[in-house]
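In: Just to be clear, the model below is a prediction. Sequence and coordinates:
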Amino acid sequence: MNTQRRLFITVAILALMIASVGIGVLGETAQSEQVRVLVIDETHGIQSSLQIELFARALVGTGTFSIHALTEIPTEKNTGEPYDIVVIVPSIVEQVWIVTAGVPSQLTAQLAQALHVVESITDKMYGGEHTLDPRAVVGVTDDLFPAVYSGFLLCNGWL
Amino acid sequence: MKNGKRLVRTMMLIGILTMSVLALSVAAVAADLTGKQIIETVNNAPVANDARLLMTMTLINGQGQSLSRQMWSWKQGTTKTALVFLAPDDVKGTAFLTIELPDYSNDMWLYLPSLGLTKHIDANSKTQNFMGSDFTYDDMGHRDINDYDYKILREETYDGNHVYVIQATPHDPQEAGYSHMISWIRDDIWKPVKVEYYDLSGKLEKIQTNSKIEKIDGYWAITDMTMENVQTKHKTIVTMTKIEVNTGVPAEVFTSDGLPKLLGLVPQQ
């Protein structure tokens, strides 16, 4: 094999390696652009639990959100990555609390848009005719509980 | 000869008397059967060690709109039931486990695939409706026979079969969710063919009709049932097919840890 051909092959291999790394980085970026949502399901009933599953599927189905779940509001500090939006389905009241780090006007444009989508889906799932568990949807500017939990979760690194 | 004829007549008389006494005894036994004993007979009817089946549940609202859900179910005796939803897509993979404890309370678990959560469910959920249907979890399970008083209202013929009509009145109507129930029980196979449920104010709320009862490998099984809420005009139709008994269901099916794996255990159809 002559030198020119060898050089050509080496450059082609290097170009392919650089391209694959680039694609990998782009892929990771696309994934990291997904809005991270923490769903806290404090309910204990079957209907309420099934409704949360339907709600989570609707969020995941948009392709915009990655979902994680807990069964109670965490009291310890978060050791992982914080979430963009926290949705709490409490056992004590027939509401769904949508919690963000601050009021909607303080959020980035992307997060504000994601919040709007979450609120719309939550409204549809919990206020619709076929809901298994009817609830009112409230945010940090609507009710005391979401506002208090916004501060609490922010302090502990969950938001 | 005269002695011979006398002997024959005596033998015949003894025979007639014996038959009469026997007939009266049977009648006396049947007449002595109480409402509670009839329900006990229903509850103690032979059941398979285990069973697995495909269930389709269709919900129909007052406007005639319908929604169908399909699930695969495993049963162990009468005390353990596991099921996983196969369709539609918005519930596929969701799984449910109920284990009846000796005191007739239920241990219930629910697996939510999108959240990756297996949850222990509040036992008070038993009076809630199953998946938006007209059946409560209690309707689909067993009730403690000692929590009710029973009365035979009458005997009649229903769909060509002799039935006992039994009223069951709960000691705690609030806990039961009903003021009373009336059941039509076939006494040849000891299965209910119809049940009326009355709400806490005593008004008829729901009618359950078991329209198809089949013998599968020696066991009587209700394979078609309809629950109609006469107050809301909502109806639920449940059909069971592909029923197999005593196939040896793996024990892990009836554990909370096994719930996430149930979808993978559904037999090929």
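Out: That came through, no problem. Numbering: from 1, shown residues only, chains lettered A, B, ... in the order given.

In: Please name the nearest non-neighbouring residue to B:Phe85.
Out: Leaving out its chain neighbours, the residue that sits closest to B:Phe85 by CB to CB, 6 or more residues apart in numbering or on different chains is B:Val91, at 4.3 Å. No exception for glycine: its C-beta is placed from N, CA and C like everyone else's.

In: Report how many residues lie close to the one you found.
Out: By the criterion of other CB atoms under 10 Å in any protein chain shown, B:Val91 has 19 neighbours.

In: What is the end-to-end distance of stretch B:241-260?
Out: 24 Å (CA to CA, to the nearest Å).

In: oh, I was asking about stretch B:247-267
Out: 12 Å.

In: what about that stretch, near chain A?
Out: No: using CB under 8 Å from any CB of the partner chain, stretch B:247-267 never reaches chain A; the gap is at least 12.5 Å.

In: who's in contact with that stretch?
Out: Residues from elsewhere that reach stretch B:247-267 (CB atoms under 8 Å, 6 or more residues apart in numbering or on different chains): B:50-52, B:72, B:74-76, B:80, B:82-84, B:86, B:92-93, B:95-97, B:99, B:109-111, B:113, B:118, B:120.

In: Pull out the buried members of those.
Out: B:50-52, B:72, B:74-76, B:80, B:82-84, B:86, B:92-93, B:95-97, B:99, B:109-111, B:113, B:118 (16 or more other CB atoms under 10 Å in any protein chain shown).

In: for B:Asn246, what are its contacts?
Out: B:48-51, B:217.

In: Make CSV from the residues you listed and add distance to chain A to it.
Out: Output for the contacts of B:Asn246, formatted as CSV (distance: CB to the nearest CB, whole Å):
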residue, distance to chain A
B:Ala48, 26
B:Asn49, 27
B:Asp50, 24
B:Ala51, 23
B:Asp217, 32
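
In: The residues you listed in helices, which ones?
Out: If you go by DSSP state H, the contacts of B:Asn246 have nothing in helices.

In: Among these, name the ones in strands.
Out: Of those, the ones assigned to strands by DSSP state E are B:50-51.

In: Turn the contacts of B:Asn246 into CSV, including pLDDT.
Out: CSV is the format used below for these (pLDDT from 0 to 100):
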residue, pLDDT
B:Ala48, 89
B:Asn49, 90
B:Asp50, 92
B:Ala51, 92
B:Asp217, 92
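
In: And A:Val86, what's its pLDDT?
Out: Listed pLDDT for A:Val86 reads 97.

In: Over to A:Ala30?
Out: In this prediction, A:Ala30 has a pLDDT value of 45.

In: Same question for B:Met131.
Out: So B:Met131 comes in at 75 (pLDDT).

In: distance of it from A:Gln47?
Out: 8 Å (CB to CB, to the nearest Å).

In: list residues touching both of those two?
Out: Taking CB under 8 Å, 6+ apart as the criterion, B:Met131 and A:Gln47 both touch A:Leu132.

In: Am I right that A:Phe145 sits in a helix?
Out: Yes: assessed with DSSP: H, G, I helix; E, B strand; the rest coil, A:Phe145 lies in a helix.

In: Would you agree it is in contact with A:Val96?
Out: No: using CB atoms under 8 Å, A:Phe145 is not in contact with A:Val96, being 10.7 Å away.

In: which of those two has more neighbours?
Out: A:Val96 (27 against 17).

In: contacting residues around the more buried one?
Out: A:87-89, A:122, A:126, A:135-138.

In: Secondary structure added to these, as JSON lines?
Out: Output for the contacts of A:Val96, formatted as JSON lines (three-state DSSP):
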{"residue": "A:Val87", "secondary structure": "strand"}
{"residue": "A:Ile88", "secondary structure": "strand"}
{"residue": "A:Val89", "secondary structure": "strand"}
{"residue": "A:Thr122", "secondary structure": "helix"}
{"residue": "A:Tyr126", "secondary structure": "helix"}
{"residue": "A:Arg135", "secondary structure": "coil"}
{"residue": "A:Ala136", "secondary structure": "strand"}
{"residue": "A:Val137", "secondary structure": "strand"}
{"residue": "A:Val138", "secondary structure": "strand"}
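
In: ok, the residues you listed vs A:Phe152, which is closest?
Out: Lowest distance from A:Phe152 to the contacts of A:Val96 (CB to CB) belongs to A:Ile88, with 11.0 Å.

In: Check the spacing between the closest one and B:Leu112 real quick.
Out: The value you get for A:Ile88 to B:Leu112, if CB to CB is used, is 16 Å.

In: With neighbour numbers in mind, choose between the two.
Out: Between A:Ile88 and B:Leu112, counting by other CB under 10 Å, B:Leu112 is the more crowded of the two (24 against 21).
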